[in-house]
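# show me how the following folds:
(chains A, B, C and D)
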4 protein chains.
Amino acid sequence: MIFFRSDYSQGAHPDVMEALIKTNLEHSDGYGLDAHCENAAAMIRDLIGKPDASVHMMVGGTPCNITLIAAALRPYEGVVAPRTAHCYFHETGGVEATGHRVIAMEGINGKLNPELIDRAWDEYEDEHTVVPRMVYISQPTEGGSLYSKAEMLAISEKCRERDMYLYIDGARLGTGLTSPACDFTIRDVAGLCDAFYIGGTKNGALFGEALVINNPAIDDHFRWMIKQNCGLLAKGRLIGVQFEALLAGGEDSIYFRMARHSNEMASKLRAGLEELGLPFYSESPTNQIFPILPTPVVEKLEEEFFFYRWAPEKDGMIPVRFVTAWGTEEKEVDALLARIRELV
Amino acid sequence: MIFFRSDYSQGAHPDVMEALIKTNLEHSDGYGLDAHCENAAAMIRDLIGKPDASVHMMVGGTPCNITLIAAALRPYEGVVAPRTAHCYFHETGGVEATGHRVIAMEGINGKLNPELIDRAWDEYEDEHTVVPRMVYISQPTEGGSLYSKAEMLAISEKCRERDMYLYIDGARLGTGLTSPACDFTIRDVAGLCDAFYIGGTKNGALFGEALVINNPAIDDHFRWMIKQNCGLLAKGRLIGVQFEALLAGGEDSIYFRMARHSNEMASKLRAGLEELGLPFYSESPTNQIFPILPTPVVEKLEEEFFFYRWAPEKDGMIPVRFVTAWGTEEKEVDALLARIRELV
Amino acid sequence: MIFFRSDYSQGAHPDVMEALIKTNLEHSDGYGLDAHCENAAAMIRDLIGKPDASVHMMVGGTPCNITLIAAALRPYEGVVAPRTAHCYFHETGGVEATGHRVIAMEGINGKLNPELIDRAWDEYEDEHTVVPRMVYISQPTEGGSLYSKAEMLAISEKCRERDMYLYIDGARLGTGLTSPACDFTIRDVAGLCDAFYIGGTKNGALFGEALVINNPAIDDHFRWMIKQNCGLLAKGRLIGVQFEALLAGGEDSIYFRMARHSNEMASKLRAGLEELGLPFYSESPTNQIFPILPTPVVEKLEEEFFFYRWAPEKDGMIPVRFVTAWGTEEKEVDALLARIRELV
Amino acid sequence: MIFFRSDYSQGAHPDVMEALIKTNLEHSDGYGLDAHCENAAAMIRDLIGKPDASVHMMVGGTPCNITLIAAALRPYEGVVAPRTAHCYFHETGGVEATGHRVIAMEGINGKLNPELIDRAWDEYEDEHTVVPRMVYISQPTEGGSLYSKAEMLAISEKCRERDMYLYIDGARLGTGLTSPACDFTIRDVAGLCDAFYIGGTKNGALFGEALVINNPAIDDHFRWMIKQNCGLLAKGRLIGVQFEALLAGGEDSIYFRMARHSNEMASKLRAGLEELGLPFYSESPTNQIFPILPTPVVEKLEEEFFFYRWAPEKDGMIPVRFVTAWGTEEKEVDALLARIRELV
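Residues are numbered from 1 along each chain as shown, chains lettered A, B, ... in the order given. Down below sits the predicted model:
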């Protein structure tokens, strides 16, 4: 079976593994209070141009989202997000379990915009209604689409106008930043939000995300929040060590190189499918692509390839998702395209 | 100022007050464990034809909704409701504060239907997604519309098919049952759901709702849930005494007579507005009506009448809400109509 | 049966009922936003000498405690309280249901002191431990004991030193203030805490407590918190009307007169029991007394009187609780004493 | 600096690292639904003699505790634990954050017993009080003491009598099972509780614990609970791979050999300190020891050794904690003993 199912089906990039082995017998203090986490945080502050940012090494993306939202909001406040947002759609109500509503709006291609934020406020009245205090967006989105710099700025301005926090889920930030369609930098992202995270899990780490908090109001006692929400790893340095390896070299680090590779593999696959005249379920300039294939083709492909059916069958066609990753080999893409060509 | 603002702007029906005065110096055990609560519960079981139902005397509608939902659901489960539902729109995220998502669907005239319930399930996948375990509807809805018996039955069947609880918010059940458009009885309501409540606050009580639970799985340790959720009144008998007074006489009790009166006042008002050719924001055959009036008319009316603007101005017109109640006098309706006639 | 079971077994003082009847047909805005609530709040600000205090009319004591604590604390913070505190012992984990720990300390005669607060801090370390951010005491305590002014001041100073909030549960504040053992005034109470409430339910109201918040940090969006925690009464004015009646006349109001009467009845009962040489389970200078009676005496008494066994039988003796109230008649006390005299 | 600070200061046992490297480029499904997790679970079921047990690969001990408790309890239920329990003392109120009380009892040498469980029930009354539905113990305890088989059985029987769940925190189960003082087997542990976990983090894993659930009522939708509580690792197989390596060989696996080594190092250290006539803060037959040293000795030691002060200074003496681990070398123990000998 060849995997196009997710960008977390393999372990870590060999450089990451090597760093873990090299530091394995070091003794250090626990829970992220060690030199590797400190160093990785310093590297990140440098990369994003935010010398005062607080950086927390987190185990995964869901812990980032739930902990950040729970830390930022008062009990009667909620977070506005697209209905397809990870924090609404794929975290089993973890945000609600901390007492807060995800105010889900029908997004456009998975994205929010200032009008949708205003619409969330239209539902607000007074002490009988949840206060929409935060905006959550993913960059790129769960469906692979990207916000342009102008779109992010417009949302950021709307947040300032409405006195809302802006939080950006960067589970796949790497492929976002290295997409040919990208017109912003990581410093742009860092500059216009209160918090965001740099995803490791989906870009070559064993696990781990670096959560950056620019707003001290959210950062207050944040480590207490991490602990309470099950996210403080005893051997916290493991995440620091991984980010040291991922980001060594800054813009030229394996973090960016892996993401670029993922995008290239996706581009090749997309181009091949377009050539065949196949329709797409959504526009996605990153490492997820969503072609719509005839049902018999899907069924045949499933014998050799591992991928998701993305939406229910309609008129004999099924939208599927192919995901590429740092470890995807060109020959795997070629094999998939060849098989589809045969079947279509 | 003449009030058409809500059906809870006055105190209680004189018979209710009299019952409270008559029993005032009695001693009784607290927290609803007294003869009046027991007797009121028995009256209700009789009225609804459910000898085994559990009846809890609750302080208000929000406590009914939040406590019932929190008692019925496991932590990863949510409740499907229209986006205009009281439990979504007007309880400041109280359901989420107990850890559960309200899965809000765009209703049709404020109502759910089997297709919308299916659509909520379409969003469900596996351990990454909230399980839609309950359906919440209001009868009549917050916007005054009514489910027909057939519509309720269809929802009830869908719930059985999907293994979901059905809960009916009856804050205004009285005006629902006595509306000319009503084709169901209180026994019908009781027969097709797992729980519902008979609202007192909005139909002539000082406060209090009678929450009926048909499903023993939800009723398990329910009094613990009431206490934990701030809803156990020390002098619990006050609610029992009121429901004894409200329901004495069954179908001919002041409960039904007051509701009928409210509807009649609303009907008169509606007819008068229709005669003037005014448009309506939504169809509502109960004691709330939502005409759309020219902005200057609204502004003038506000000098003498107390009511809500219901939606933002559009094209020089504003949807407003007029609510009638047990204490609304015919001359008040006449005065309102006369003033509108002058202004339009 | 003669009731010595609680101070909430009867309805309201006749003056309270009269005020409710007199205002019954008034129309007013809901949820406590009416002239009666405003007026009652002004009376209270006057009585306590705090012109800037925020006053919220609450349905009961448990809603006061849970809502206040939930509003004041961040998710990783807890409230220090005696193990016998109402918020620990008698609210079914309602505080924990909002996500906060009650840090229960073994009190001394039901009371905290600065050393116990320090001991709670001894358990505190860092991000792995709950931050003890609030102190909760009841005045008088659940067992009827009283803090002296000096004791309250010492706790208040400790709170300031530790940067903790001080909250005082005043469910029975009336009998505390009018106890012969009392050396403080209501202004003293108001002056040394961040929040407290003046209990109505246990001193002649149908229901209702007036929650006073001195600290604006806690008061921020407090009405949102009340609504979310099931505590916002639609006909909120009912509580305002009752407090207007209870407090009319200030220190000479029925509120203080009823409390004084309760204490006098308790004193008479206590004196009579002391004369008989009976031991007491705890020292209580207010309207609850806890004699220890031989088991056969208790069993006989239970045929005519309604009261609680307070602790398990030991050596053939059972601690019981007799509570007097505004409605307790002298002849009832005499009857109880006479019967005990016969039985002992 | 030589570390005696914790048993998680180093990375993983080399065999564990090797297994991770060997499987690194495999593709697999995410979230623990892979062959390694399945295989590790089968190995564990075999080891404990419970063919029907459910085994979940968890990221850490705190997620085990919080998720298990939240899954097992209804909202009004609490868990009885010693005041020194990890779930009370060192999880920042994570249990309370899910809405449940930890009913903390003063344990005896960190342990519960049937009398203490009864005492927790003495505080229970009715709908006003939290229901103590679970018992939480750690084996060995946080202070290093061990329950004997008879003690565990007595607690287990008490739980059955009281209809309570029994959950055993096995963060250091390895050193418990291999302690010279141990009179029980892992099958004994598995046989008398509803759930327990086999700790990896503190015994040679990078991270990860294997949570075993014997009671299907707790296991229902448990993966939903893991996800909601931030504990579902995308590359879940990492934990499976580690447990395969840890437990290969069963009773003769590195898991047991590492634990035995830790205990031996601790025994040597303990014996050496006893020889010097030093007192101990508590009795601990596992890999944590708690000698009481003169303050100047502690201060000097801190220049070369990294360890915790365990309790406040008293009479010029400070209780400290030395922890040994799989990676502790005999020469490190010798060095510590030699230095203490010089200083005392």
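# what residues does chain A have near chain C?
If contacts are counted using Cβ under 8 Å from any Cβ of the partner chain, the residues of chain A sitting beside chain C are A:31, A:70-71, A:74-76, A:98-99, A:127-128, A:131, A:220-221, A:223-228, A:232. Heads up, the C-betas are built off the backbone N, CA and C, glycines and all.
# give me the subset of the residues you listed touching chain D.
Applying Cβ under 8 Å from any Cβ to the residues of chain A next to chain C, one finds that A:Thr98, A:Trp224, A:Lys227, A:Gln228, A:Leu232 fall near chain D.
# let me know the closest of those residues to C:Cys37.
Of all those, the one sitting nearest C:Cys37 is A:Thr98; the distance, using Cβ to Cβ, is 32.5 Å.
# excluding chain neighbours, what is closest to the closest one?
With Cβ to Cβ, 6 or more residues apart in numbering or on different chains as the criterion, A:Thr98 has its nearest non-adjacent residue at 4.0 Å, and that residue is A:Ala70.
# thinking again about what came up before, from the ones next to chain D among the residues of chain A next to chain C, pick the one nearest A:Asn214.
A:Trp224 (19.2 Å).
# residue contacts, the closest one?
A:Trp224 sits next to C:Tyr76, C:Glu127, C:Val131, D:Thr92 when contact means Cβ atoms under 8 Å, 6 or more residues apart in numbering or on different chains.
# what about the last one, neighbour count?
For D:Thr92, the neighbour count with other Cβ atoms under 10 Å in any protein chain shown is 29.
# so it: helix, strand or coil?
Secondary structure for D:Thr92, judged by DSSP: H, G, I helix; E, B strand; the rest coil, is coil.
# partners of A:Cys102 in the sheet?
Slight slip there: residue A:102 is Val, not Cys. Taking DSSP bridges, one obtains A:Val79 as the residues bridged to A:Val102.
# ok, residues contacting the helix or strand containing A:Ala335?
Element membership of A:Ala335, judged by DSSP states H and E, is helix A:330-343. Applying Cβ under 8 Å, 6+ apart, the external contacts of helix A:330-343 come out as A:2, A:4, A:265, A:268-269, A:272-273, A:276, A:278, A:293, A:296-297, A:300-301, A:304-305, A:322, A:324.
# now which of those residues would you call buried?
In terms of neighbour count (16 or more other Cβ atoms under 10 Å in any protein chain shown), the buried residues within the contacts of helix A:330-343 are A:2, A:4, A:265, A:268-269, A:272-273, A:278, A:293, A:297, A:300-301, A:305, A:322, A:324.
# for those residues, which one is nearest D:Ile44?
A:Ile2 (31.5 Å).
# and the next helix or strand past the helix or strand harbouring A:Met134?
With secondary structure defined by DSSP H and E, A:Met134 is part of strand A:131-138. Scanning forward in sequence from strand A:131-138 by DSSP H and E, the next helix or strand is helix A:149-162.
# next, the angle from that following helix to strand A:131-138.
Interaxial angle, helix A:149-162 versus strand A:131-138 (axes from the mean of the first three to the mean of the last three Cα atoms, to 10 degrees): 170 degrees.
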